[in-house]
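1. What follows is a protein structure lacking sequence information:
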């Protein structure tokens, strides 16, 4: 008997509004011991996903720039000075979740076999995928949920 999405999904989804600051998102993810969360618009519809990786990449990209390889030492110093001035001003304007989130939302029907979900997650390098019923999100499957297929003997036997 095939294991289906609704059998391993996490039905409670902790979503965040796109207007939250990146700092508030980071606190929320840490407080809830999760690595990502769906993002909702003003009407409550899910419009994307924001993860710790998004926060890290935003911070990393703000600090890294490989376009200076061809500059002289003086030009590099001036570019650094300008970058620091810009970052200082940018720091006064909070970065919102909408600025760092991944705007695409990937989902599967709750009757999708977990083998198909695993294929999608591997092919698209996803750590989480939404589960829907009649176009309404009813849950989420994460890589942690997929591990249940190995650790739960009953589920594992149904996947064999």
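-> Nice, I can see it. All values reported here derive from a predicted model rather than from experimental measurement. Numbering: from 1, shown residues only.

2. Spit out the contact partners of the residue nearest to the spatial centre of the chain.
-> Centroid-nearest residue in the chain, with CA atoms, centre = their mean: residue 51, separated by 3.4 Å. Applying CB atoms under 8 Å, 6 or more residues apart in numbering, one finds that residue 51 lies in contact with 29, 35-37, 102, 127. For glycine as for every other residue, the C-beta is placed from the backbone atoms N, C-alpha and C.

3. Kindly report the same for residue 29.
-> Contacts of residue 29 (CB under 8 Å, 6+ apart): 35-37, 51-52.

4. now do 6 Å
-> residue 52 (CB atoms under 6 Å, 6 or more residues apart in numbering).

5. in what helix or strand does it lie?
-> helix 22-31 (DSSP states H and E).

6. What's the first helix or strand after that helix?
-> In N-to-C order, the element after helix 22-31 by DSSP H and E is strand 36-40.

7. Let me see the ranges of the helices in the chain.
-> Per DSSP state H, the chain carries helices over the ranges 5-8, 22-31, 52-63, 73-90, 97-100, 114-123, 143-151, 153-159.

8. now the ones you listed in a markdown table, with distance to residue 15 and mean pLDDT?
-> Formatted as a markdown table, these follow (distance: least, CB to CB, whole Å; pLDDT from 0 to 100):
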| stretch | distance to residue 15 | mean pLDDT |
| --- | --- | --- |
| helix 5-8 | 19 | 94 |
| helix 22-31 | 10 | 93 |
| helix 52-63 | 15 | 77 |
| helix 73-90 | 27 | 76 |
| helix 97-100 | 10 | 93 |
| helix 114-123 | 20 | 95 |
| helix 143-151 | 17 | 89 |
| helix 153-159 | 27 | 82 |
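
9. Output those helices in a markdown table; the columns should cover distance to residue 136.
-> Output for those, formatted as a markdown table (distance: least, CB to CB, whole Å):
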| stretch | distance to residue 136 |
| --- | --- |
| helix 5-8 | 13 |
| helix 22-31 | 23 |
| helix 52-63 | 25 |
| helix 73-90 | 38 |
| helix 97-100 | 22 |
| helix 114-123 | 18 |
| helix 143-151 | 19 |
| helix 153-159 | 25 |
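
10. Between those, which one is closest to residue 134.
-> helix 5-8 (12.8 Å; CB to CB).

11. what does that closest one contact?
-> By CB under 6 Å, 6+ apart, helix 5-8 touches 108, 110, 112, 131, 145, 148.

12. again, only this time at 8 Å
-> Against helix 5-8 from outside (CB under 8 Å, 6+ apart): 108-114, 117, 131, 133, 138-139, 141, 145-146, 148-149, 155.
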